[in-house]
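Novice: predicted model follows, preceded by the sequence.
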Amino acid sequence: MPRIFVEKLTIGADSIDLNGHVNNQEYVRWMQDVATAHSSAQGWNMARYLAAGVTWVIRSHFIEYLRPAFQGDALLVATWVAGMGAQSSPRRYRFVRARDGKTLVEAETRWVFCDVQSGRPRDIPPEVAGAFPLVTDAAEIQAAINAARGL
């Protein structure tokens, strides 16, 4: 079960905007996709959440675009859980160009744990919180990205 989850993706033509680089909306989609994949890898897939009558919803996103990405670029998308509150959790992301290791985007999403029926926030139970070890060490994050690059 990976503390830092890294997926590789190759940018297709459908992700490119009128400016010739990746559309901002794509990053949000990829953030949600990689967060869901990480949760599944930690033993909490959507079916398990729904069976428990709970889900995560997004309260906010912060995205900092450092460099553009273009069609054909291979990206590594890394995500990790940076904190765990009573009812919410910040999850961080780093988008790295695979060929040179340059960071293109850094981001954070505030996820809120909610009851499926009421849609209201609820406390994160220990079995959910325990599935997501907190990562705050920059060297550990970089090591995981380097390993995904084959370094």
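Specialist: That came through fine.
Novice: against which helices or strands is the top helix by length along the chain packed?
Specialist: Assignment by DSSP state H gives helix 24-41 as the longest helix of the chain. Helix 24-41 makes packing contacts with strand 5-10, strand 54-65, strand 74-81, strand 88-97, strand 103-115 when contacts are defined by 3 or more Cβ pairs under 8 Å, 6 or more residues apart in numbering; DSSP states H and E. The way it works is simple: take the backbone N, C-alpha and C, and place the C-beta from them, glycine included.
Novice: change it to 7 Å
Specialist: Applying 3 or more Cβ pairs under 7 Å, 6 or more residues apart in numbering; DSSP states H and E, one finds that helix 24-41 makes contact with strand 5-10, strand 74-81, strand 88-97, strand 103-115.
Novice: contacts for it?
Specialist: Residues from elsewhere that reach helix 24-41 (Cβ atoms under 7 Å, 6 or more residues apart in numbering): 1-2, 5, 7, 9, 15, 45, 61, 63, 77, 79, 91, 93, 95, 105, 107, 109.
Novice: what do you get for stretch 3-22?
Specialist: With contacts defined as Cβ under 7 Å, 6+ apart, stretch 3-22 is touched by 23, 26, 30, 34, 37-38, 41, 68-80, 98, 133, 135, 140-141, 144-145, 148.
Novice: ok so, going back, buried only: go through the contacts of helix 24-41 for me.
Specialist: Phe5, Glu7, Leu9, Ser15, Val77, Thr79, Arg91, Tyr93, Phe95, Val105, Ala107, Thr109 (16 or more other Cβ atoms under 10 Å).
Novice: now for Ala144, how many residues are close by?
Specialist: When neighbours are counted by other Cβ atoms under 10 Å, Ala144 registers 20.
Novice: re the thing from before, give the rounded mean pLDDT of the helix or strand following the longest helix of the chain.
Specialist: Per DSSP states H and E, the first helix or strand lying C-terminal to helix 24-41 is helix 46-51. Mean pLDDT, helix 46-51: 98.
Novice: run the chain-centre distance for helix 46-51.
Specialist: For helix 46-51, the separation from the chain centroid amounts to 19 Å (computed by Cα atoms, centre = their mean, to the nearest Å).
Novice: cool, stretch 84-104 as well?
Specialist: Relative to its chain's centre, stretch 84-104 lies at 6 Å (Cα atoms, centre = their mean).
Novice: right, I'll leave it there.
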